[in-house]
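> task: produce atomic coordinates for the following.
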Amino acid sequence: MFEVTTIGSATFDIFLKNFSCRTLKESSFTTKKGLCLSLGSKISVGDISWSSGGGAINTAISFAKLGLKTSAIFSFGKDIFSQKIKEDLTKVKVDFSLAYLKENFEPPISVILSLPSGERTILHAKRRPNLSISFLKKLKTKWLYLAPLAGEGTSLNDRYLLEKIIQRTKEKKFFLASNPSLKDLEIYQKKKKLLNFFDVLILNQEEASYLTKIPFNKEKEIFRKLDNLVEGIIVMTKGKRGVVVSNGYYLFSASIFPNKKIVDRTGAGDSFAAAFIAGLIKIGAKNSQELKRKIIENPSLLKEPIRLASANATSVVESIGAHRGALTYEKFKKNKRWQNLKIKIKKISH
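I've put the predicted structure just below:
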């Protein structure tokens, strides 16, 4: 029996640093900023590194380093990139016996252009996760974590996969958690009843606004709607402004740990999600009802999961790669840096 299983994508990430470029303001870009390279030039790169990545892999490695018996489900091939992914999982004792070996399959490759500020642009060759629900027949786990699953266009297969996994989760009495992508949220918008199956749903502020169709600065209204849609715990991350968490009875708001130096933001969301869920697992509830009851009776139980999540995300962005800086539970408990985080608890009036 695994304590937690992740399912989603596995990627191979190549990081490029220390190259000549400029940033500029450009209103036509989503972020209103652009990265400018000299056209037609051969540009020297001072630092190149690579590692495995993807939602299923990043979270599995964080779970394992935090001391949980972990498995990961993803698609892989016989190529050198898939071999590297398996090596990274083996190092931290993540089981991948239920992963899907696909003939002529290569994992998606990302090239991450990292700037000294820690900001980055990702060039990503997308491929659908190419998964099925057959793993449910063999899987024995207490928690199932859904990394983003929906591909471009949210195909019928994506919808079928998500719906079947979610429905079967309750049949098999797993805890269910996810940090969905916008493509996943498109599916949930059309079938909102699926949201009620989640024990933990983690969104950033923009995603929460998108799902509820409420302006992102109206937090109270967003949480009122999310609490009606989701039976479990809602987490809304706000970047530098911290995080807000609701269990339907109490609202928890927390700041962030100050960064020593941001090296690379890749994997910050995955590391936060995995550590938050790991903190919940360590509470020791046998089922959703018991977890809910324990936190209602003692809301301070949520403080450590929030603190652990913030610490893990902070540690990851201080290293290159999506999981190299992931904390062990021993480092989290023993390092004084991670012991104090301002967390406020307020009873919900709505």
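> spatially nearest residue to E221 (excluding sequence neighbours)?
Excluding the flanking residues, the one nearest E221 by C-beta to C-beta, 6 or more residues apart in numbering is I214, at 5.0 Å. Every C-beta, even on glycine, is put in place using the N, C-alpha and C of the backbone.
> right, and the helix or strand after the helix or strand of the chain with the lowest mean pLDDT?
Taking mean pLDDT, DSSP states H and E as the measure, the helix or strand of the chain with the lowest value is helix 156-172, at a mean of 76. From helix 156-172 onward toward the C-terminus, using DSSP states H and E, the following helix or strand is strand 175-178.
> partner strands of that following strand, with direction?
If you go by DSSP bridges, strand 175-178 pairs up with strand 141-146 (parallel), strand 200-204 (parallel).
> just the CA trace of it, in PDB.
Provided in PDB are the C-alpha atoms of strand 175-178 (Å, rounded to 0.1, in the frame of the first residue of the first chain):
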ATOM      1  CA  PHE A 175      -8.100  10.700  -0.800                       C
ATOM      2  CA  LEU A 176      -8.100  12.800  -3.900                       C
ATOM      3  CA  ALA A 177      -6.000  16.000  -4.500                       C
ATOM      4  CA  SER A 178      -5.000  18.100  -7.500                       C
END
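> so N312 makes contact with I277?
No. Using C-beta atoms under 8 Å, N312 makes no contact with I277, being 10.9 Å away.
> can you tell me the SS state at the residue lying farthest from the centre of the chain?
Relative to the C-alpha centroid of the chain, counting by C-alpha atoms, centre = their mean, G40 is the outermost residue, at 37.1 Å. Reduced to three states with DSSP: H, G, I helix; E, B strand; the rest coil, the structure at G40 is coil.
> next: the one 3 residues further on.
When the structure is reduced to helix, strand and coil (three-state DSSP), I43 reads as coil.
> which residue packs closest to it, ignoring adjacent ones?
Closest residue in space to I43, ignoring its immediate chain neighbours: F19 at 5.3 Å, by C-beta to C-beta, 6+ apart.
> mind listing what the one you found touches?
Taking C-beta atoms under 8 Å, 6 or more residues apart in numbering, we find F19 in contact with 37, 43-46, 113.
> can you redo those as a markdown table with neighbour count?
Putting the contacts of F19 into a markdown table (neighbours: other C-beta atoms under 10 Å) gives the following:
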| residue | neighbour count |
| --- | --- |
| L37 | 12 |
| I43 | 10 |
| S44 | 8 |
| V45 | 12 |
| G46 | 9 |
| L113 | 18 |
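> what's the most distant pair in those?
Greatest spatial distance among the contacts of F19 (C-beta to C-beta): L37 and G46, at 14.6 Å.
> quick check, central residue of the protein?
The C-alpha lying nearest the average C-alpha coordinate of the chain belongs to D270 (C-alpha atoms, centre = their mean; 2.8 Å).
> show me the helices in the stretch 251-350 of the chain, by range?
Secondary structure of the stretch 251-350 of the chain (DSSP state H, counting those that start in this stretch): helices located at 268-281, 288-297, 303-317, 329-334.
> check whether D13 sits in a helix, strand or coil.
Judged by three-state DSSP, the three-state class of D13 is strand.
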